[in-house]
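**Q** how does the following fold in three dimensions:
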Amino acid sequence: MNRPYALLRTLALGSALLTASGCTDHELLKQELQQAAAKQEQIKTYRFSGHAELALDASLFEGMPPMTAALLSLFKDSRIEYKGAASLEAPIRMEADITVKPKGADAIELPLLLQDNKLYIHIPALNPSGEYLLFPLQESEKLQNTGRLSALLSERLLQGVKPEWIEEAEDTPPADAASKRRIISVTKKNQQEVEAYLSSVLPALLEEMVKNGLGTPAQAQEWTSAAGRLQIQPPGSLALEISKDGYLEGQEGKLFLSTDAHPERQHGITWSYRTTEINQPVGFTREIPAKVKTAEDLMKGLPAPK
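**A** Numbering: from 1, shown residues only. This next block holds a predicted model:
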């Protein structure tokens, strides 16, 4: 008499196990991301590469100072590519090649070097061949905290992310088969929650950046106000790759925005970022420029204000 019931229980248990094995443990996915974010503090040397593609409507720059609006308008339809290497151990050093490709215009090459508490950058519109602009860095020692700051900002950002927003990226595997790829998505269903969460966490993120010399309190307030005028539009996503060693080694994202003033006009941003050779010896190749011009030198060449 009990055999049918025993068989039924076995079938039910088997079905439950099969169902459970096919479910995603979103809490575990979030924990993996948080652990990888915390490990960013251990990164001391690395190579990096990435890109950003901007498709911005001119209405985004309304109300800005004319010079700022004119400068940003150059990048409203463009692709920015970059690659380089960095060492966060004293003495801090970084070199990078940045290429800006405005739509319908020639590419702009911006080689950059950070060394000996000085930032050197060549801007073709301002410098002849071989000459660089020189910017002394007053608080360059704070750059040694970049790893800690990156870890802190990532942890803060992930802390309030709802686990159900995170999925395994089965359709788009990571570049390295040994890595894990996780996707945080913005959908019509969670759009308002994501927007509310980002608005709530942004002031804390900006406060940490100001503490580490990346901006002033006034700038942070300005950025917060500007962000408050933006609305996130679905679909959007942020794909994060966790290396076999547990580091956040790569990300790819796409984000669509609109503003209060022009909700019908959409602004799009897509980007990627990847680190390699983490904590491996870095072979820097760029030398300190022999010809430099300071910001003061540059201002001397401008006509006096009327």
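**Q** counting neighbours, what do you get for M67?
**A** 8 (other C-beta atoms under 10 Å). The way it works is simple: take the backbone N, C-alpha and C, and place the C-beta from them, glycine included.
**Q** check the secondary structure at it for me.
**A** What DSSP: H, G, I helix; E, B strand; the rest coil gives for M67 is helix.
**Q** same deal with E241?
**A** Relying on three-state DSSP, one would call E241 strand.
**Q** my read: it touches G250, true?
**A** Yes. The criterion here is C-beta atoms under 8 Å, and E241 meets it with G250 at 3.9 Å.
**Q** dump the residue contacts of the nearest residue to F256 once chain neighbours are set aside.
**A** Setting aside the residues directly before and after it, F256 is nearest to Q233 in space (C-beta to C-beta, 6 or more residues apart in numbering), at 4.2 Å. Residues in contact with Q233, defined by C-beta atoms under 8 Å, 6 or more residues apart in numbering, are Q191, F256, L257, S258, Q266.
**Q** from these, which land in helices?
**A** Per DSSP state H, helices hold the following members of the contacts of Q233: Q191.
**Q** in strands, which of the contacts of Q233 fall?
**A** F256, L257, S258 (DSSP state E).
**Q** quick check: closest non-adjacent residue to the last one.
**A** Spelled out, it's S258. Per C-beta to C-beta, 6+ apart, closest to S258 is Q231, 5.1 Å.
**Q** what's near enough to touch the one residue sitting closest to the centre of the chain?
**A** Centrality entry for the chain: nearest residue to the mean C-alpha point is Y273, 7.2 Å, by C-alpha atoms, centre = their mean. Contact analysis of Y273 by C-beta under 8 Å, 6+ apart lists F48, S49, G50, G250, Q251.
**Q** drop anything exposed from those residues.
**A** The neighbour-count criterion (16 or more other C-beta atoms under 10 Å) marks F48, S49, G50, G250, Q251 among the contacts of Y273 as buried.
**Q** looking at those, which is nearest A151?
**A** Checking those against A151 with C-beta to C-beta, the nearest one is Q251 at 14.6 Å.
**Q** what's across from the closest one in the sheet?
**A** L240, Y273 (DSSP bridges).
**Q** same deal with the one 5 residues further on?
**A** The residues paired with F256 through beta bridges, assigned by DSSP bridges, are Q233, G268.
**Q** neighbours around it, how many?
**A** 17.
**Q** quick check, pLDDT for it.
**A** Looking at F256, its pLDDT is 92.
**Q** now for it: which residues touch it?
**A** Contacts for F256 (C-beta under 8 Å, 6+ apart) come out as I232, Q233, P234, P235, G236, Q266, H267, G268, I269.
**Q** now, of these, which are buried?
**A** I232, Q233, G236, H267.
**Q** what's around I43, how many residues?
**A** Using other C-beta under 10 Å, I43 is surrounded by 20 other residues.
**Q** which ones are touching the residue nearest to it when sequence neighbours are not counted?
**A** Of all residues not flanking I43 in the chain, G147 sits nearest, at 5.0 Å (C-beta to C-beta, 6+ apart). Going by C-beta under 8 Å, 6+ apart, G147 touches Q40, E41, Q42, I43, K44, L88.
**Q** could you do L230 as well?
**A** With C-beta under 8 Å, 6+ apart, L230 has these contacts: L257, S258, T259.
**Q** pLDDT at it, what is it?
**A** pLDDT, L230: 82.
**Q** distance of it relative to L202?
**A** Separation of L230 from L202 (C-beta to C-beta, to the nearest Å): 11 Å.
**Q** hey, what's in contact with both of the two?
**A** By C-beta under 8 Å, 6+ apart, no residue touches both L230 and L202.
**Q** any idea which element the closest residue to P217 other than its chain neighbours lies in?
**A** Take P217 and drop its neighbours on the chain: the residue closest to it by C-beta to C-beta, 6+ apart is V210, 5.8 Å away. Using DSSP states H and E, the element containing V210 is helix 191-211.
**Q** starting at the chain centroid, how far to that helix?
**A** Put simply, helix 191-211 sits 14 Å off its chain's centre (C-alpha atoms, centre = their mean, to the nearest Å).
**Q** can I get it in PDB, CA atoms only?
**A** Output in PDB follows, covering the C-alpha atoms of helix 191-211 (Å, rounded to 0.1, in the frame of the first residue of the first chain):
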ATOM      1  CA  GLN A 191      13.700  51.100 -14.000                       C
ATOM      2  CA  GLN A 192      12.300  53.200 -11.200                       C
ATOM      3  CA  GLU A 193      13.900  51.200  -8.500                       C
ATOM      4  CA  VAL A 194      17.300  51.400 -10.100                       C
ATOM      5  CA  GLU A 195      17.000  55.100 -10.700                       C
ATOM      6  CA  ALA A 196      15.900  55.700  -7.100                       C
ATOM      7  CA  TYR A 197      18.800  53.600  -5.800                       C
ATOM      8  CA  LEU A 198      21.400  55.400  -7.800                       C
ATOM      9  CA  SER A 199      20.100  58.800  -6.700                       C
ATOM     10  CA  SER A 200      20.300  57.700  -3.100                       C
ATOM     11  CA  VAL A 201      23.900  56.300  -3.300                       C
ATOM     12  CA  LEU A 202      25.400  59.000  -5.500                       C
ATOM     13  CA  PRO A 203      26.100  61.600  -2.800                       C
ATOM     14  CA  ALA A 204      28.000  59.100  -0.700                       C
ATOM     15  CA  LEU A 205      30.100  58.000  -3.700                       C
ATOM     16  CA  LEU A 206      30.900  61.600  -4.600                       C
ATOM     17  CA  GLU A 207      31.800  62.400  -0.900                       C
ATOM     18  CA  GLU A 208      34.400  59.600  -1.000                       C
ATOM     19  CA  MET A 209      35.800  60.900  -4.300                       C
ATOM     20  CA  VAL A 210      36.200  64.400  -2.800                       C
ATOM     21  CA  LYS A 211      37.900  63.000   0.300                       C
END
